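> structure, please.
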Amino acid sequence: MAWGGGKPGSAPAAGGSRWGALSSGPFRLYWVAMFSRVFGLQFRFIGTGWLVASKDGLDMDPIWIGIVSVASAVPTIVLSVPSGILADRYDHRKILFWSQSLTAVSSFALALAVITGSVNIWMVIVWGIFTGALAALANPAYSAILPRLIEMRSMASAVALVSTVWNTMRVVGPALAGLLIAVIGIGQAFFVTAAGFALSTVLLQMVVLKPVAPRRPGPDGGMLEGIRHIVREPIFLATIGLSFFTSVFGGSYQNLLPIFADDILNVGPQGFGWMEAAAGIGGFLGTFAIIRVGTGGRAGLTMSVAAALFGICIAAFAYSRIFPLTLILLFAGGFVSSMYLNLGMTTLQLRVPDELRGRVMGVWSMTYFMAQLGGLPAGALAHWIGAPAAVATGALSVTAFALIVLLVSPALRRMSTMAAAEPAGASGGG
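Residues are numbered from 1 along each chain as shown. Got it, this is the predicted structure:
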């Protein structure tokens, strides 16, 4: 079957083929485009840090890395829900074309500024704000376009495969970025960012999409309608709440990993790399486990229990002083977090009405990017009570929230993704 051709959602019948969402030619092309985009993002994140702090770059105080990160994260968070409205109302492919094309052009311009020696910290901050806003524009469209590529019965597989892209790049991205920066230089590395987004843009324009489903009659509630829908639906509220707690509190350990590697475990940069890899490989393998769990059964129960276990694993990691045990706990934390976050996104995709898909997925995207802000309160708390206690406090808050929603939401305990597919209706995006 051709990679970009064929009928969208051509996976066969009930239960799908052995390849799941990859049986759809349009999804395969979208998946390759995702690899190219996330590859470019890795160079954006890692290259920016090198540019700001290294002696070969601007040689600024490390605090400026945090400032640039926040400058990029704030527009992504603030604009995610308004961007969801655009995803509900306008053509997904055009939104992705303009957001990714402008990211490629701005990254190319920054690369030229670095190579010519004309770059300064304020230019990097403005670039971070601009590309952060473009990321907010693209993220809801990337999620809303999925039902136009596949049959809904393949959604769990599609979500897991998309997550695989992120987890794969989390493992190999830093190594590739570091290697290329060393070989070709910081400025040239930003050309790689531009090339990644440019290739992704071209591939997405080749994707064949299902027609957009007719809109349901009735008033359009505007930007807040997606939030109101989430609040009215206990399952949605629990699912997005878990993502929020994971990003802001549970994910704080990622920001503080260098402290554990350097000051607590004394394993240095090599140990830090192993710790990052352990969590990333766990997340990578968790996405494959979720393909089976996400096809039915007690998906809601699995999601809540996995979230509770994530908090326990990371809290135990915080107090581990045996390096092999530390790696096992990070692997386990990555595995279960990948399971419940993938189940959460699958739940949203299968249950959300088509006319609200962009707005609801915009809120989901917003919670994901709040992890970039979570490092600030985590660092402050670590200053007062120490890194282990700060990490354990954040992780156990995820466990507490997961257990509370499991107790108070009978609908979540009974939920299965097969049942979730029933009200989804026609696939399509705004």
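> based on its surroundings, how many neighbours for residue 380?
The number of residues packed near residue 380 is 11, by other Cβ atoms under 10 Å. Where C-beta positions appear, they are placed from N, C-alpha and C, glycine not excepted.
> any idea how far it lies from residue 255?
11 Å (Cβ to Cβ, to the nearest Å).
> ditto for residue 200
27 Å.
> compare these two and say which one has the larger neighbour count.
residue 200 (27 against 22).
> wait, that one touches residue 101, no?
No - the criterion here is Cβ atoms under 8 Å, and residue 200 misses it with residue 101 at 9.9 Å.
> give the buried residues for stretch 141-156.
For stretch 141-156, the neighbour count (16 or more other Cβ atoms under 10 Å) marks 141-156 as buried.
> which of these scores worst on pLDDT?
Among the buried residues of stretch 141-156, residue 156 has the lowest pLDDT, at 74.
> distance from the one helix or strand that residue maps to to the middle of the chain?
Element membership of residue 156, judged by DSSP states H and E, is helix 155-184. Helix 155-184 has its C-alpha centroid displaced from the chain centroid by 11 Å (Cα atoms, centre = their mean, to the nearest Å).
> by contact count, what packs against it?
In terms of contacts (3 or more Cβ pairs under 8 Å, 6 or more residues apart in numbering; DSSP states H and E), helix 155-184 is packed against helix 25-53, helix 186-205, helix 268-293, helix 323-351.
> and the angle from that helix to helix 186-205?
Counting by axes from the mean of the first three to the mean of the last three Cα atoms, to 10 degrees, helix 155-184 lies at 150 degrees to helix 186-205.
> and helix 155-184 with helix 323-351, angle?
Going by the same axes, to 10 degrees, helix 155-184 makes 130 degrees with helix 323-351.
> could you check the angle helix 268-293 makes with helix 155-184?
Using the same axes, to 10 degrees: helix 155-184 against helix 268-293 is 160 degrees.
> rewinding a little: could you identify which of the helices and strands packed on helix 155-184 is most buried?
Between those, helix 323-351 has the highest mean count of neighbours, a mean of 24, where neighbours are mean count of other Cβ atoms under 10 Å.
> one step back: any idea which of the helices and strands packed on helix 155-184 scores lowest on pLDDT?
Among those, helix 268-293 scores lowest, with a mean of 77.
> tell me the first helix or strand C-terminal of it.
helix 299-319.
> who does that following helix touch, helix- and strand-wise?
helix 234-245, helix 252-259, helix 323-351, helix 387-408, helix 410-414.
> what about it, average pLDDT?
90.
> next one: stretch 57-73
76.
> check which helix or strand the most centrally placed residue in the chain maps to.
Centroid check for the chain by Cα atoms, centre = their mean gives residue 368 as the closest residue, at 5.7 Å. Assigned by DSSP H and E, residue 368 falls within helix 357-369.
> and the angle from that helix to helix 323-351?
170 degrees.
> who's in contact with the next helix or strand after helix 357-369?
Downstream of helix 357-369, the next assigned helix or strand under DSSP H and E is helix 371-385. Outside helix 371-385, the residues that touch it by Cβ atoms under 8 Å, 6 or more residues apart in numbering are 66, 69-70, 72-74, 76-77, 246-249, 251-252, 254-256, 259, 389-391, 393-394.
> using CSV, write down the CA coordinates of stretch 403-411.
Extracted C-alpha coordinates of stretch 403-411, given in CSV (Å, rounded to 0.1, in the frame of the first residue of the first chain):
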residue,chain,number,x,y,z
LEU,A,403,-7.1,7.6,43.9
ILE,A,404,-9.6,10.4,44.6
VAL,A,405,-11.1,10.4,41.1
LEU,A,406,-11.2,6.6,41.1
LEU,A,407,-13.2,6.7,44.3
VAL,A,408,-15.6,9.5,43.4
SER,A,409,-16.2,8.6,39.7
PRO,A,410,-18.1,5.3,39.2
ALA,A,411,-18.3,6.1,35.4
